[in-house]
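>>> Quick one: sequence plus predicted model below, questions after.
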Protein chains: 2
Amino acid sequence: MILIGERINGMFTNVKQAIADKDKKVIQDLAKKQTDAGATYLDVNVGTAAADQEAAMQWLVESIQETCSTPLSLDSQKPAVIAAGLKAVNAENGVILNSTPLNKKSDEKIFDKYMEMADNAGPKACIITLTMDKNGVPQDIDTRVAIAADIVSKAMEKGFDSQRLFIDPIILPVKVPNAQVQPGNILAAIDQIRYLSEPAPHMTIGLSNLSQGATERSLINRVFLAMAIARGMDSAIVDVLDQDLMNVVATSEMLMNKQIYSDSFLKVYSGG
Amino acid sequence: MILIGERINGMFTNVKQAIADKDKKVIQDLAKKQTDAGATYLDVNVGTAAADQEAAMQWLVESIQETCSTPLSLDSQKPAVIAAGLKAVNAENGVILNSTPLNKKSDEKIFDKYMEMADNAGPKACIITLTMDKNGVPQDIDTRVAIAADIVSKAMEKGFDSQRLFIDPIILPVKVPNAQVQPGNILAAIDQIRYLSEPAPHMTIGLSNLSQGATERSLINRVFLAMAIARGMDSAIVDVLDQDLMNVVATSEMLMNKQIYSDSFLKVYSGG
């Protein structure tokens, strides 16, 4: 399971404050803690409060890389902010451009531009692409899969390896009116997206978004993550510091035969 | 979700002792507690220690029915023990014959006999049928589905409503060597079995069997249950007194759009 640790994000008060104060220690602690907890990548998002988002992204990347070699996921809806992060990042072990812009103006050429940026960053650079188009986030299964098919086919045309793609079918909060049917649709979409190429593109979701504003957040996240792993989702942007969630990841992988059962399967998974 | 409470089973020391001592209180307490916790049915299994299993089954049924009107699931591999339970049972609110025998001698006619027993018990009497044949428990997906198809078609021939069938694809313990691939196979089988008839037959599993002898039993049970509900499994034989498990059931049903989200969705589900 490719786990992208979500905690270095300016929407969290302590990170927002650290960015404002240029307090490296808070950021470096979060980087180390998430790495120890099993993060494959560390997401880096400056949030919306930073005055100069490009400078903030570069400072975050540099601060993390001073103490930690875990690959980064540069998270912004602005191509310029991701580009700023790419200038500072060490992409030798990989980097993720997270993600193609989430706005209604996104056009055909934006994905080409992201593939070019990724290629310039290095052979291990990946892209998270959202299954949305000019009409926004689709409500049904078929449109999500059609957009994913379009993404995979465009990548193939450009010779961009499908293994460098993370398709994100976009999970909406259960608390959003009329979004109740979405979790089932996401699972059905995942079921189909994994057959779009051989090898399949990676699939990821911003898991915490599902439980935004809801009660029982960790429980909701855990239950859906188990369901999605069973359908073949192989990545998620999550709170890796949530030990209960990490135990569900380990158990799901064991049940789906990605890890053999032993009495210490939880410890084996977390590398402990 | 049709939850069959597993606790009144002679394999548990306190139940075994209560049967030996004819101590109704222990049994009646378990019946009430499981009903309060949300059991749709109460499983009744005399275990293997009782000297006269038929008499023990009747005593259990009578003891439970003195204080509780929750329908029962008469659980034995011996048709005579189920028949003894049927004599004592009040089947007005339903009853389950659990299950068609789990042995290699089971032949074509045994299922006919069970349908006849169920019909004699009343229109709400159901049968749990295991996807096994003369060769034992199949290791692959296709054989499980083929056996389920055979069961559904035999029921149709006899005019036995598919909604009175609970197909059990038989989950093996993760700790059994070479059983690691089974959970994924069960999920794939469930995915196909639900399309065998319209309306679909119910599907159930003896969930606790999955974690038999394993560490982290409740966690393993919870994770697999979420996965199976997401595939359409609508019943399980479980420990309804495991509150964490019940919360996963409520959350799974909410995510699969069987229950609408509200901030008190856990309480709403448990009727609290």
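Nice, I can see it.

>>> At which residues are the strands of the stretch 101-250 of chain A located?
A:125-130, A:165-168, A:202-203, A:235-238 (DSSP state E, counting those that start in this stretch).

>>> tell me the mean pLDDT for the first one?
Same thing as strand A:125-130. The average pLDDT for strand A:125-130 rounds to 96.

>>> Alpha carbons of it, as PDB, please.
Coordinates of each C-alpha in strand A:125-130 appear next as PDB, following Å, rounded to 0.1, in the frame of the first residue of the first chain:
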ATOM      1  CA  ALA A 125       8.100  11.400 -10.800                       C
ATOM      2  CA  CYS A 126       4.300  10.600 -10.700                       C
ATOM      3  CA  ILE A 127       1.100  12.500 -11.100                       C
ATOM      4  CA  ILE A 128      -2.200  12.300  -9.200                       C
ATOM      5  CA  THR A 129      -5.000  13.000 -11.700                       C
ATOM      6  CA  LEU A 130      -8.500  13.600 -10.600                       C
END
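
>>> picking up where we left off before, any chance of the strands of the stretch 101-250 of chain A in JSON lines with distance to chain B and mean neighbour count as columns?
Yep, even glycine has a C-beta here, placed from its N, CA and C like the rest. Formatted as JSON lines, those follow (distance: least, Cβ to the nearest Cβ, whole Å; neighbours: other Cβ atoms under 10 Å in any protein chain shown):
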{"stretch": "strand A:125-130", "distance to chain B": "21", "mean neighbour count": "24"}
{"stretch": "strand A:165-168", "distance to chain B": "18", "mean neighbour count": "27"}
{"stretch": "strand A:202-203", "distance to chain B": "15", "mean neighbour count": "23"}
{"stretch": "strand A:235-238", "distance to chain B": "15", "mean neighbour count": "26"}
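
>>> now those strands as TSV including distance to A:Pro79?
Shown next, in TSV, are the strands of the stretch 101-250 of chain A (distance: least, Cβ to Cβ, whole Å):
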stretch	distance to A:Pro79
strand A:125-130	12
strand A:165-168	17
strand A:202-203	21
strand A:235-238	19
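
>>> ok, and what's touching stretch A:255-271?
For stretch A:255-271, the external contacting residues (Cβ atoms under 8 Å, 6 or more residues apart in numbering or on different chains) are A:1, A:37-38, A:229-230, A:246-247, A:249-251, A:253-254, B:174-175, B:180-181, B:183-184, B:214-216, B:220, B:223-224, B:227.

>>> List the buried residues in stretch A:140-158.
The neighbour-count check on stretch A:140-158 (16 or more other Cβ atoms under 10 Å in any protein chain shown) flags A:Ile141, A:Thr143, A:Arg144, A:Val145, A:Ile147, A:Ala148, A:Ala149, A:Asp150, A:Ile151, A:Val152, A:Lys154, A:Ala155 as buried.

>>> Can you show me the helices along the stretch 101-250 of chain A?
A:108-121, A:141-157, A:182-193, A:217-231, A:243-255 (DSSP state H, counting those that start in this stretch).

>>> out of these, deepest packed?
Comparing the helices of the stretch 101-250 of chain A on average neighbours per residue, with mean count of other Cβ atoms under 10 Å in any protein chain shown, the densest one is helix A:217-231 at a mean of 24.

>>> part of a helix, is A:Ser73?
No - A:Ser73: not assigned to a helix; according to DSSP: H, G, I helix; E, B strand; the rest coil it is strand.

>>> what residues are up against it?
A:Ile4, A:Tyr41, A:Leu42, A:Asp43, A:Val44, A:Val95, A:Ile96, A:Asn98, A:Ile128, A:Ile237.

>>> Sticking with the closest residue to it other than its chain neighbours, tell me its helix or strand.
Among residues not flanking A:Ser73 along the chain, A:Ile96 sits closest, at 3.9 Å (Cβ to Cβ, 6 or more residues apart in numbering or on different chains). Element membership of A:Ile96 [criterion: DSSP states H and E] is strand A:95-98.

>>> Now do stretch A:23-35: everything it contacts.
For stretch A:23-35, the external contacting residues (Cβ under 8 Å, 6+ apart) are A:5, A:7-8, A:14-15, A:17-18, A:42, A:60, A:63-64, A:66-68, A:70, A:240-241.

>>> meant to ask about stretch A:61-69, not that
So stretch A:61-69 is contacted by A:8, A:24, A:27-28, A:31-32, A:35, A:42, A:44, A:70, A:72, A:74, A:85, A:88-90, A:93 (Cβ under 8 Å, 6+ apart).

>>> hmm, try it at 6 Å
A:Lys24, A:Ile27, A:Gln28, A:Ala31, A:Lys32, A:Thr35, A:Gly85, A:Ala88, A:Val89, A:Asn90 (Cβ atoms under 6 Å, 6 or more residues apart in numbering or on different chains).

>>> Next to chain B, which bits of the stretch 151-272 of chain A? Give me the list.
A:174, A:180-181, A:183-184, A:187, A:215, A:219-220, A:223-224, A:226-227, A:230, A:248, A:251-252, A:255-257, A:261, A:263 (Cβ under 6 Å from any Cβ of the partner chain).

>>> hmm, back to that, mind giving me TSV with the contacts of stretch A:61-69 and columns for secondary structure and neighbour count?
Formatted as TSV, the contacts of stretch A:61-69 follow (DSSP: H, G, I helix; E, B strand; the rest coil; neighbours: other Cβ atoms under 10 Å in any protein chain shown):
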residue	secondary structure	neighbour count
A:Lys24	helix	17
A:Ile27	helix	27
A:Gln28	helix	18
A:Ala31	helix	27
A:Lys32	helix	15
A:Thr35	helix	19
A:Gly85	helix	29
A:Ala88	helix	17
A:Val89	coil	24
A:Asn90	coil	15
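
>>> what's the closest of the residues you listed to chain B?
A:Thr35 (24.2 Å; Cβ to the nearest Cβ).

>>> could you check the distance from the closest one over to B:Pro199?
A:Thr35 is 50 Å from B:Pro199, where distance means Cβ to Cβ, to the nearest Å.
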